[in-house]
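Engineer: Requesting a structural model of the entry that follows:
(6 chains)
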Number of protein chains: 6
Amino acid sequence: MPRLTHVDDTGAARMVDVSAKPVTAREATAKGVVTCSPAVIELLRGAGVPKGDALAVARIAGIQAAKRTPDLIPLAHPIAVHGVQVDLEVLDEGVEITATVRTADRTGIEMEALTCVAVAALALVDMIKAVDKLAEIGRIRVVAKSGGRSGDWRRD
Amino acid sequence: MPRLTHVDDTGAARMVDVSAKPVTAREATAKGVVTCSPAVIELLRGAGVPKGDALAVARIAGIQAAKRTPDLIPLAHPIAVHGVQVDLEVLDEGVEITATVRTADRTGIEMEALTCVAVAALALVDMIKAVDKLAEIGRIRVVAKSGGRSGDWRRD
Amino acid sequence: MPRLTHVDDTGAARMVDVSAKPVTAREATAKGVVTCSPAVIELLRGAGVPKGDALAVARIAGIQAAKRTPDLIPLAHPIAVHGVQVDLEVLDEGVEITATVRTADRTGIEMEALTCVAVAALALVDMIKAVDKLAEIGRIRVVAKSGGRSGDWRRD
Amino acid sequence: MPRLTHVDDTGAARMVDVSAKPVTAREATAKGVVTCSPAVIELLRGAGVPKGDALAVARIAGIQAAKRTPDLIPLAHPIAVHGVQVDLEVLDEGVEITATVRTADRTGIEMEALTCVAVAALALVDMIKAVDKLAEIGRIRVVAKSGGRSGDWRRD
Amino acid sequence: MPRLTHVDDTGAARMVDVSAKPVTAREATAKGVVTCSPAVIELLRGAGVPKGDALAVARIAGIQAAKRTPDLIPLAHPIAVHGVQVDLEVLDEGVEITATVRTADRTGIEMEALTCVAVAALALVDMIKAVDKLAEIGRIRVVAKSGGRSGDWRRD
Amino acid sequence: MPRLTHVDDTGAARMVDVSAKPVTAREATAKGVVTCSPAVIELLRGAGVPKGDALAVARIAGIQAAKRTPDLIPLAHPIAVHGVQVDLEVLDEGVEITATVRTADRTGIEMEALTCVAVAALALVDMIKAVDKLAEIGRIRVVAKSGGRSGDWRRD
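Structural biologist: Okay, the predicted model is just below:
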């Protein structure tokens, strides 16, 4: 039967020991979306108004958060993040965020990809909340990973 | 016409000056959900297996993230967080997270509530990802706020 | 009957709401001791060997940790630390650390004083551990506090 | 004659160069105790009152502090913490904290184990201080280490 | 005779107590320059090549560093930064950085302005160092301040 | 034609992937200077007044900042800093700061050396600004590096 790996037999939280695992190249991609109003979409497309650094702020917030994942997620292992790419695509009903994170380390990097997307989304909401109180963050999920013992995987 | 408040006329990111705003009591509540498999729900309900600290880890991660919001969100103001309550409700198809954050400060505390929910959700995914690769974070949104110039507001 | 204030009726951890408490001047003093070998004491007294920055490192680590208390202690409130004094006295069987911390804020500053002493002690152990494996940190406690609703208090 | 390794010949603090040391598996165990009143012990044993997340908060604070050791201890090297286990045993006159930390890195991990115990103890004091002003942290020490050039060691 | 305010009579570092000082509006402006090669200037002016987020990264790094000043500068007081504006002007022989920081707090905000400029400059160097090894940061200084007991001041 | 490596073809900021680069020993040395008044120089030389921890504070701030470089510089890679030496030389017209940083990692350590110098300089200015409003930080630059693909380099 499956069990929660981050708690021991008595239920106590712990950081699982990975010191014996080999260093291998790993990659994970996560996605998410910030749903917002047509007025915000127009602003982000820069229709006559300077959108300027708006998308850059979200991208940079995401990259920095990927590096800070072990500080945010209590039981996550410190991982040396070796590469981060964050793409923001302005669609008609929102902004889709895609983050790909790479490392050569002992454990998977999915949490870094998810944290990158979540914080980029939060930073975007921070910038648009004065214009759109109803902005909502959704569908944050891992879409692909490769490397490590469990091998390649892609969400259908 | 509405504009993005966090960029100036040339599009440059800035932290908006709030030093002249009065200190007032403010509160914000945000919600979100982690959708997961029946097997995870069973584990979180503790059916015969120690779930132990699992929900506590998510709660604590959320509380700490609320305090760290200005460090994560580039243009957010430092706010002295004066109270945080995080509730996790295990439903049939996922875990609903509700965070209420309070302060007496110069600017709104919605970002702290949203960050609290997002990081509690990430911490939960971290603990269940070995059992459920498809766990997904969704519907992160402000549901109510009070205090400040814009007054009370509740999402319908 | 007394109860743990940091957990609610269901046992869930929370940050207690202090937004309605008044801002008042507060001060707390904590003490602790690092017990170490005569050889270390001799080194710290600078007998013929440069002790240089050794005590300064511990002092500075303590001051910085006082500022970082809400980041280390999950349910502690962010407090604007307004003054910190750390004294290290080299005694015959160890080093006594005394920290006094001041603020004008809504809640007590004992945790900042204790954290200051604990981290100053850890930094000192870090510097002497190559010479004394048996160094031990002990007796970390609040010895006096003033200000706030509970008024002045001094440990007998 | 022994000397303080963290200061150079002029007494200036420095971070000792370990880049030429090999990566080896290392483990350290530290212990400490929080002495508290019978009333607190009763609360922590959950006699009729929800103790809930109280011990979990201390455990998680300790795990996170282990990861943050190089940020707290000025001359400590960044180490990739690969595993942390924190046990809290409620005894009659206090709570004994034991932390075991593992890594595969270039330098010892004792400071991480000590920091883990110290911050878990501080977090526990934070939760009980409203009930017991006299709570005291003591006996923080390394009890065992293995790996690295100096080999295995156990405190008698 | 003048003395160093951050060390006491015995020379020990301390954080000066400001808890009795009144909260007043304060502003400080600092400047600095990153000297770089004509090739870099051309890139930053976007001559046929996407410069994209380059200046935004420096601006955001500066804003975030202003908030993190008390974490970087050991004896600096925590200050609630209420507004930050960072301007980067691409000149013929380098990039001039100007930061204006505002607060309503108990002590001056010059260190926040200086830290903002210094870290924006470091972030810029990080992005251009592959093209210009000789990039140099210079002339970081306070150019104006207002508010607080010492009143308005402007560098000639 | 040279290009900015930290932005992609569309101008979006990214963290360049270094996971395939080999781990090699690397070293970088940076320098900078804090120009200050004769009165400050006299104080730092300790003429009749305790200068105490003043230079130690700057040294320690620099060492800690070197470790925190990836947290400050948005697109910098996390690097395990393996050794840091900071020297402060009190000259007639200012204080010259020299930092040498070492690692065994996948990418260069120049940014760590520069950040170390910049933050040591900021910490020094913090301590002398009450005595010398005109203190200025200048000439922060890499003076030598070795290791890595690009080999040894020394500024003329």
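Engineer: What parts of chain A come near chain D?
Structural biologist: A:8, A:12-20, A:70-71, A:74-75, A:77-80, A:105-106 (C-beta under 8 Å from any C-beta of the partner chain). (Each C-beta comes from the backbone N, C-alpha and C, glycine too.)
Engineer: wait, what's in contact with the closest residue in space to A:A20 that isn't next to it in sequence?
Structural biologist: Closest residue to A:A20 apart from its sequence neighbours, by C-beta to C-beta, 6 or more residues apart in numbering or on different chains: D:A25 at 7.3 Å. Each residue near D:A25 by C-beta atoms under 8 Å, 6 or more residues apart in numbering or on different chains is listed here: A:19-20, D:102-104, D:147.
Engineer: From those residues, which land in helices?
Structural biologist: When those are checked against helices (DSSP state H), there are no matches.
Engineer: out of those, which are buried?
Structural biologist: A:19, D:102-104, D:147 (16 or more other C-beta atoms under 10 Å in any protein chain shown).
Engineer: could you point out the longest helix in chain A?
Structural biologist: helix A:110-128.
Engineer: Quick check: which element contains the closest residue to chain F within chain A?
Structural biologist: Closest residue of chain A to chain F, C-beta to the nearest C-beta: A:G83 (2.9 Å). Taking DSSP states H and E as the criterion, A:G83 maps to strand A:81-90.
Engineer: buried sites along that strand?
Structural biologist: A:81-88, A:90.
Engineer: among the residues you listed, which two are most distant?
Structural biologist: A:H82 and A:V90 (28.4 Å; C-beta to C-beta).
Engineer: where exactly do the helices run in chain A?
Structural biologist: With DSSP H as the criterion, chain A has helices spanning A:38-44, A:54-67, A:69-72, A:110-128.
Engineer: and the longest one, how far from the chain's centre?
Structural biologist: Between the centre of helix A:110-128 and the centre of its chain there are 6 Å (C-alpha atoms, centre = their mean, to the nearest Å).
Engineer: is that helix up against chain B anywhere?
Structural biologist: Yes: remark: helix A:110-128 sits within contact range of chain B at A:110-111, A:114-115, A:118-119, A:121-123, A:125-128, by C-beta under 8 Å from any C-beta.
Engineer: still on that earlier bit, mind giving me JSON lines with the contacts of D:A25 and columns for distance to F:T98?
Structural biologist: Shown next, in JSON lines, are the contacts of D:A25 (distance: C-beta to C-beta, whole Å):
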{"residue": "A:S19", "distance to F:T98": "36"}
{"residue": "A:A20", "distance to F:T98": "41"}
{"residue": "D:R102", "distance to F:T98": "37"}
{"residue": "D:T103", "distance to F:T98": "31"}
{"residue": "D:A104", "distance to F:T98": "33"}
{"residue": "D:G147", "distance to F:T98": "35"}
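Engineer: The nearest residue to A:M127 once chain neighbours are set aside: neighbour count?
Structural biologist: Closest residue in space to A:M127, ignoring its immediate chain neighbours: B:H6 at 4.6 Å, by C-beta to C-beta, 6+ apart. By other C-beta atoms under 10 Å in any protein chain shown, 23 other residues sit near B:H6.
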